[in-house]
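*Asks:* Provided below for reference: sequence and predicted model.
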Amino acid sequence: DALAGKRIGVWRSAAGDKREVVATLDAAVATLRARGATVVDDLELTGTDQAAELEFPALMTEFKHDINAYLAETPGRHPADLAGLIEFNKKHASTELRYFGQELFEQSQATSGDLNDFEYRAAREKATSLSREAINSVIADNRLDAVLAPTNNGAWLTNLTKGDDFTDFVATSSPSAIAGYPAITVPGGYARDVLPLGVTFFGGRFSEPTLIAIGYAFEQASQVRKPPTYLRTLP
(Lines give C-alpha, C1' and ligand atoms only; values in the text may rest on other atoms or scores of the structure.)
Protein backbone atom coordinates (compact mmCIF):
# COMPACT_ATOMS: atom_id res chain seq x y z
CA ASP A 1 0.00 0.00 0.00
CA ALA A 2 3.04 2.32 -0.13
CA LEU A 3 1.81 4.13 -3.23
CA ALA A 4 -1.40 5.35 -1.63
CA GLY A 5 -1.19 9.06 -0.88
CA LYS A 6 2.25 9.56 -2.43
CA ARG A 7 3.01 12.46 -4.78
CA ILE A 8 5.19 11.30 -7.66
CA GLY A 9 6.56 13.54 -10.40
CA VAL A 10 7.25 12.32 -13.93
CA TRP A 11 10.37 13.28 -15.88
CA ARG A 12 8.71 12.57 -19.21
CA SER A 13 11.04 14.33 -21.65
CA ALA A 14 13.77 11.81 -20.80
CA ALA A 15 11.85 9.24 -22.89
CA GLY A 16 12.29 11.32 -26.05
CA ASP A 17 10.20 10.02 -28.93
CA LYS A 18 10.81 6.32 -28.23
CA ARG A 19 7.32 4.89 -28.73
CA GLU A 20 7.81 1.80 -26.57
CA VAL A 21 9.57 3.76 -23.82
CA VAL A 22 6.74 6.31 -23.76
CA ALA A 23 4.17 3.49 -23.64
CA THR A 24 6.01 1.92 -20.70
CA LEU A 25 6.05 5.25 -18.88
CA ASP A 26 2.33 5.77 -19.56
CA ALA A 27 1.56 2.31 -18.17
CA ALA A 28 3.60 3.07 -15.06
CA VAL A 29 1.71 6.33 -14.52
CA ALA A 30 -1.60 4.47 -14.84
CA THR A 31 -0.45 1.92 -12.25
CA LEU A 32 0.59 4.65 -9.82
CA ARG A 33 -2.78 6.39 -10.13
CA ALA A 34 -4.68 3.13 -9.78
CA ARG A 35 -2.89 2.49 -6.48
CA GLY A 36 -3.75 5.90 -5.03
CA ALA A 37 -0.71 8.01 -5.91
CA THR A 38 -1.01 11.58 -7.13
CA VAL A 39 0.99 12.03 -10.33
CA VAL A 40 2.50 15.39 -11.26
CA ASP A 41 3.30 14.86 -14.94
CA ASP A 42 5.84 16.32 -17.36
CA LEU A 43 8.34 17.91 -14.98
CA GLU A 44 11.82 19.06 -15.96
CA LEU A 45 15.14 18.95 -14.11
CA THR A 46 17.21 22.08 -14.69
CA GLY A 47 21.01 22.21 -14.79
CA THR A 48 21.53 18.52 -15.50
CA ASP A 49 23.20 19.07 -18.89
CA GLN A 50 25.82 21.35 -17.37
CA ALA A 51 26.37 18.91 -14.52
CA ALA A 52 26.98 16.07 -16.98
CA GLU A 53 29.53 18.17 -18.90
CA LEU A 54 31.45 18.88 -15.70
CA GLU A 55 31.21 15.30 -14.51
CA PHE A 56 33.16 13.79 -17.41
CA PRO A 57 36.52 15.49 -16.78
CA ALA A 58 36.07 14.80 -13.08
CA LEU A 59 35.51 11.11 -13.84
CA MET A 60 38.65 11.02 -15.98
CA THR A 61 40.70 12.36 -13.07
CA GLU A 62 39.12 9.91 -10.63
CA PHE A 63 39.68 6.98 -12.98
CA LYS A 64 43.42 7.67 -13.24
CA HIS A 65 43.71 8.05 -9.48
CA ASP A 66 41.72 4.92 -8.70
CA ILE A 67 43.18 2.60 -11.36
CA ASN A 68 46.70 3.59 -10.32
CA ALA A 69 45.86 2.86 -6.68
CA TYR A 70 44.25 -0.47 -7.61
CA LEU A 71 47.20 -1.63 -9.70
CA ALA A 72 49.69 -0.54 -7.04
CA GLU A 73 47.90 -2.57 -4.37
CA THR A 74 47.15 -5.68 -6.45
CA PRO A 75 49.82 -8.40 -6.45
CA GLY A 76 50.85 -10.27 -9.58
CA ARG A 77 52.45 -9.59 -12.95
CA HIS A 78 50.69 -6.65 -14.58
CA PRO A 79 51.34 -3.02 -15.56
CA ALA A 80 51.99 -0.83 -12.55
CA ASP A 81 49.72 2.03 -13.54
CA LEU A 82 47.45 3.49 -16.23
CA ALA A 83 50.45 4.60 -18.29
CA GLY A 84 51.66 1.00 -18.23
CA LEU A 85 48.27 -0.27 -19.41
CA ILE A 86 48.36 2.15 -22.33
CA GLU A 87 51.85 1.04 -23.33
CA PHE A 88 50.89 -2.63 -23.01
CA ASN A 89 47.96 -2.09 -25.36
CA LYS A 90 50.19 -0.28 -27.86
CA LYS A 91 52.74 -3.11 -27.83
CA HIS A 92 49.96 -5.65 -28.37
CA ALA A 93 47.82 -3.48 -30.63
CA SER A 94 47.04 -6.27 -33.09
CA THR A 95 45.17 -8.03 -30.29
CA GLU A 96 44.19 -5.40 -27.72
CA LEU A 97 43.36 -2.59 -30.15
CA ARG A 98 42.18 -4.68 -33.05
CA TYR A 99 38.60 -3.45 -32.98
CA PHE A 100 38.72 -0.27 -30.90
CA GLY A 101 41.06 2.34 -29.49
CA GLN A 102 41.86 3.40 -25.94
CA GLU A 103 40.73 7.01 -26.11
CA LEU A 104 39.28 7.05 -22.59
CA PHE A 105 42.52 5.63 -21.16
CA GLU A 106 44.48 8.36 -22.95
CA GLN A 107 42.11 11.15 -21.88
CA SER A 108 42.33 9.96 -18.30
CA GLN A 109 46.13 9.70 -18.45
CA ALA A 110 46.29 13.33 -19.63
CA THR A 111 44.73 14.49 -16.32
CA SER A 112 46.67 15.02 -13.11
CA GLY A 113 44.97 12.09 -11.39
CA ASP A 114 45.22 14.18 -8.23
CA LEU A 115 42.03 14.40 -6.18
CA ASN A 116 43.36 17.58 -4.57
CA ASP A 117 43.78 19.28 -7.96
CA PHE A 118 41.94 22.61 -7.93
CA GLU A 119 40.32 22.23 -11.36
CA TYR A 120 39.17 18.70 -10.56
CA ARG A 121 37.67 19.71 -7.22
CA ALA A 122 35.91 22.70 -8.76
CA ALA A 123 34.38 20.56 -11.53
CA ARG A 124 33.29 17.80 -9.13
CA GLU A 125 31.81 20.19 -6.58
CA LYS A 126 29.94 22.21 -9.22
CA ALA A 127 28.56 19.07 -10.90
CA THR A 128 27.42 17.68 -7.56
CA SER A 129 25.86 21.00 -6.53
CA LEU A 130 23.95 21.39 -9.80
CA SER A 131 22.57 17.84 -9.66
CA ARG A 132 21.50 18.13 -6.04
CA GLU A 133 19.79 21.45 -6.72
CA ALA A 134 17.97 19.98 -9.75
CA ILE A 135 16.54 17.14 -7.67
CA ASN A 136 15.95 19.15 -4.49
CA SER A 137 14.12 21.95 -6.27
CA VAL A 138 11.78 19.78 -8.36
CA ILE A 139 10.85 17.80 -5.23
CA ALA A 140 10.35 20.88 -3.05
CA ASP A 141 8.49 22.94 -5.65
CA ASN A 142 6.02 20.12 -6.33
CA ARG A 143 5.92 18.56 -2.84
CA LEU A 144 7.01 15.18 -4.20
CA ASP A 145 7.87 11.92 -2.51
CA ALA A 146 9.78 10.71 -5.58
CA VAL A 147 10.35 11.28 -9.28
CA LEU A 148 9.56 8.66 -11.95
CA ALA A 149 11.61 8.40 -15.16
CA PRO A 150 12.27 5.81 -17.88
CA THR A 151 15.37 3.76 -17.13
CA ASN A 152 16.41 2.77 -20.65
CA ASN A 153 15.44 2.02 -24.20
CA GLY A 154 15.58 -1.46 -25.69
CA ALA A 155 18.99 -3.12 -25.91
CA TRP A 156 20.80 -2.39 -29.15
CA LEU A 157 23.07 -4.35 -31.47
CA THR A 158 26.79 -3.72 -31.03
CA ASN A 159 28.94 -3.87 -34.16
CA LEU A 160 32.48 -3.09 -35.28
CA THR A 161 31.39 0.00 -37.20
CA LYS A 162 29.64 2.01 -34.50
CA GLY A 163 30.35 -0.07 -31.42
CA ASP A 164 27.70 0.89 -28.87
CA ASP A 165 25.51 3.37 -30.73
CA PHE A 166 24.35 5.90 -28.12
CA THR A 167 22.75 8.24 -30.66
CA ASP A 168 19.25 7.69 -29.31
CA PHE A 169 20.17 6.32 -25.90
CA VAL A 170 17.70 6.78 -23.04
CA ALA A 171 19.34 7.09 -19.62
CA THR A 172 18.21 8.91 -16.49
CA SER A 173 20.73 7.76 -13.89
CA SER A 174 23.11 10.74 -14.16
CA PRO A 175 21.36 13.30 -11.89
CA SER A 176 21.13 10.86 -8.97
CA ALA A 177 24.59 9.41 -9.60
CA ILE A 178 26.27 12.82 -9.74
CA ALA A 179 24.32 14.07 -6.73
CA GLY A 180 25.06 10.98 -4.68
CA TYR A 181 21.31 10.53 -4.15
CA PRO A 182 19.47 7.19 -4.20
CA ALA A 183 17.55 5.75 -7.13
CA ILE A 184 15.85 2.40 -7.69
CA THR A 185 14.98 0.82 -11.02
CA VAL A 186 12.33 -1.86 -11.46
CA PRO A 187 10.83 -3.72 -14.44
CA GLY A 188 8.49 -1.48 -16.40
CA GLY A 189 7.75 -3.06 -19.77
CA TYR A 190 9.25 -4.47 -22.96
CA ALA A 191 10.49 -3.30 -26.33
CA ARG A 192 9.71 -5.61 -29.26
CA ASP A 193 7.94 -7.80 -26.68
CA VAL A 194 11.21 -9.29 -25.40
CA LEU A 195 13.74 -6.54 -24.56
CA PRO A 196 13.30 -5.40 -20.94
CA LEU A 197 12.54 -1.77 -20.18
CA GLY A 198 12.74 -0.34 -16.69
CA VAL A 199 11.35 2.60 -14.80
CA THR A 200 13.36 4.46 -12.19
CA PHE A 201 12.21 6.16 -9.01
CA PHE A 202 14.62 8.65 -7.48
CA GLY A 203 14.53 11.15 -4.66
CA GLY A 204 16.55 13.36 -2.36
CA ARG A 205 19.12 12.56 0.26
CA PHE A 206 18.27 9.66 2.59
CA SER A 207 15.08 8.80 0.69
CA GLU A 208 16.03 5.11 0.42
CA PRO A 209 13.19 3.81 2.66
CA THR A 210 10.57 5.67 0.63
CA LEU A 211 12.03 4.56 -2.70
CA ILE A 212 12.25 0.91 -1.66
CA ALA A 213 8.64 0.99 -0.50
CA ILE A 214 7.47 2.69 -3.69
CA GLY A 215 9.49 0.35 -5.90
CA TYR A 216 8.18 -2.74 -4.14
CA ALA A 217 4.57 -1.56 -4.22
CA PHE A 218 4.90 -0.76 -7.92
CA GLU A 219 6.35 -4.19 -8.70
CA GLN A 220 3.54 -5.93 -6.85
CA ALA A 221 0.91 -3.84 -8.62
CA SER A 222 2.33 -4.06 -12.14
CA GLN A 223 3.63 -7.66 -12.23
CA VAL A 224 5.68 -6.79 -15.33
CA ARG A 225 8.72 -8.99 -14.88
CA LYS A 226 9.05 -12.16 -16.93
CA PRO A 227 11.85 -14.70 -16.43
CA PRO A 228 14.59 -14.32 -19.07
CA THR A 229 14.44 -16.74 -21.98
CA TYR A 230 18.07 -16.36 -23.14
CA LEU A 231 17.20 -15.97 -26.81
CA ARG A 232 20.11 -16.58 -29.19
CA THR A 233 18.78 -13.80 -31.40
CA LEU A 234 15.75 -11.57 -31.70
CA PRO A 235 12.71 -12.80 -33.64
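*Replies:* Sure thing, it's come through.
*Asks:* averaged pLDDT, the helix or strand containing Lys64. What do you get?
*Replies:* Secondary structure assignment for Lys64, by DSSP states H and E: helix 48-73. If you average the pLDDT over helix 48-73, you get 96.
*Asks:* how many neighbours does Arg35 have?
*Replies:* 19 (other Cβ atoms under 10 Å). Every C-beta, even on glycine, is put in place using the N, C-alpha and C of the backbone.
*Asks:* just to revisit the earlier point, same for the helix holding Lys64, what does it pack against?
*Replies:* Counting contacts by 3 or more Cβ pairs under 8 Å, 6 or more residues apart in numbering; DSSP states H and E, helix 48-73 packs against helix 82-91, helix 103-109, helix 118-142, helix 174-179.
*Asks:* residues near the closest residue to Asp164 other than its chain neighbours, how many?
*Replies:* Distances taken as Cβ to Cβ, 6 or more residues apart in numbering put Thr158 closest to Asp164, at 5.5 Å, once the chain neighbours are dropped. Using other Cβ under 10 Å, Thr158 is surrounded by 10 other residues.
*Asks:* how about Arg98?
*Replies:* Arg98 has 9 nearby residues by other Cβ under 10 Å.
*Asks:* what secondary structure does it sit in?
*Replies:* Following DSSP: H, G, I helix; E, B strand; the rest coil, we place Arg98 in the coil state.
*Asks:* and the most centrally placed residue in the chain, how far from Ala183?
*Replies:* Per Cα atoms, centre = their mean, the C-alpha nearest to the average position across the chain is that of Ser173, at 2.8 Å. Distance, Ser173 to Ala183, using Cβ to Cβ, to the nearest Å: 6 Å.
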